[in-house]
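In: fold the following.
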Amino acid sequence: MAVIEIKNVAKRFGDFTALHNVDMTIADKEFMVLLGASGCGKTTLLRIIAGLETPSQGEVWIGGRRVDNLPPRQRGIAMVFQNYAVFPHLTVFENIAFGLRMQKLPQAEVERRVNRNAELMHIEQLLKRYSGQLSGGQRQRVAVARALAMEPEVILMDEPLSNLDALLRLEMRAELKGVLAEAKSTAIYVTHDQVEAMSLADRIAVMHKGKIVQAATPIEVYRNPATRFVGGFIGNPPMNFLPAARAGDGRWNIAGFQIDGPATDRVLEFAIRPEDLVPAEDGIPATARIVEPLGPHLLVTADVGGQQFRAVLESELRVVPGDQLHLAPLPGRARWFDPETETAAPVTTAA
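Out: Prediction:
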């Protein structure tokens, strides 16, 4: 059982605090993605779990055993780095076998594991080559095969696909998900790419300024962001935000459009994803400014009361810059945020 528990972990570099009292539990065999912008602390947290950084406070437990006082080799982990870290003087076979040789495993077991994981990563035909003869994508496959060959309880990956081109990233993403499911290791994957996070994760931990601001399934993070930051960070194009005012009849006024909302007297902000808007006779009044055809959809950037507002509409619609639109949110898709705390308000509406 490779349950990972992060307990009140903080990391300080001089006067700068990279991690603030992080608490998180990752279930056995779960695929957890740490997602956030550069500098949010996700790689620092991964390095603390790996033993490459020492926490300023807090504890790290793996499989019921406290490991923050243990060196990396005693933690039962394997790691895949962004820059591959494939040894240029070794063949692909010996790269994959490197950790197994360090463990002094019998030759028959080394060959079994190397061949099995090379097949999983579709590089069995490359075993006699040196890394200088490989493409970037092939070197990354070697790095993943080497980690999997150790049969670790935990595998840690630090932006392993970021150096690959878009098409190869797509291919590797699909393969990684299948391979790691078969390996039955607990996986922690660091990325700033939300598409990677949404497609790979069992759960996503969104990080911001050294804190985990939401940890949930991809669809929960997307549909019910816990904070304004999460709503604006997840999604391409990102969520729209508009000021809301309580109307006299208990409803909420959004730039002249009235909608049911939370039963509260607090000032709130209305939020909606661009794909959750449809043209309607009665909707949020908007003026189209930029129209971008995207195959089956149009991305319309509009002006609503002096604020930028985006909508993803069907491409059959005829929209040109300057058109006056009315855009209504799909039922149940509006979200509400407290502008002071930037946290989500309940979506329960007034009676």
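In: quick one: low-confidence residue ranges for this protein.
Out: For the chain, residues meeting the criterion pLDDT under 70 lie at 1, 248, 250, 347-351.
In: show me which helix runs longest in it.
Out: The residue-count maximum for a helix in the chain (DSSP state H) belongs to helix 166-183.
In: against which helices or strands is it packed?
Out: Contacts defined by 3 or more Cβ pairs under 8 Å, 6 or more residues apart in numbering; DSSP states H and E place helix 166-183 against strand 31-35, helix 136-149, helix 194-200. To be clear about C-beta, it is placed using only N, CA and C from the backbone, and glycine gets the same treatment.
In: in it, what counts as buried?
Out: Residues of helix 166-183 classed as buried under the neighbour-count rule (16 or more other Cβ atoms under 10 Å) are 168-169, 172-173, 176, 179-180, 183.
In: so what strands line up beside the very next helix or strand once past that helix?
Out: Counting by DSSP states H and E, the next helix or strand C-terminal to helix 166-183 is strand 186-191. Strand 186-191 pairs in its sheet with strand 31-35 (parallel), strand 154-158 (parallel), by DSSP bridges.
In: can I get those in a markdown table including mean neighbour count and distance to A226?
Out: Shown next, in a markdown table, are the strands paired with strand 186-191 (neighbours: other Cβ atoms under 10 Å; distance: least, Cβ to Cβ, whole Å):
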| stretch | mean neighbour count | distance to A226 |
| --- | --- | --- |
| strand 31-35 | 25 | 13 |
| strand 154-158 | 24 | 25 |
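In: so for V9, which of the ones you listed sits nearest?
Out: Ranking the strands paired with strand 186-191 by their distance to V9 (criterion: Cβ to Cβ) puts strand 31-35 first, at 12.7 Å.
In: C-terminal to the closest one, what's the next element?
Out: Heading C-terminal from strand 31-35 (DSSP H and E), you reach helix 42-50.
In: what's that next one packed up against?
Out: Using 3+ Cβ pairs under 8 Å, 6+ apart, the elements in contact with helix 42-50 are strand 4-13, strand 16-26, strand 31-35, strand 57-62, strand 77-80, strand 154-158, strand 186-191.
In: among the ones you listed, which comes closest to R101?
Out: Proximity of these to R101 was assessed by Cβ to Cβ; the nearest stretch is strand 77-80, lying at 14.6 Å.
In: what packs against the closest one?
Out: helix 42-50, helix 136-149, strand 154-158.
In: Y222: which of the helices and strands packed on helix 166-183 is closest?
Out: Y222 lies closest, by Cβ to Cβ, to one member of those: helix 194-200, at 7.0 Å.
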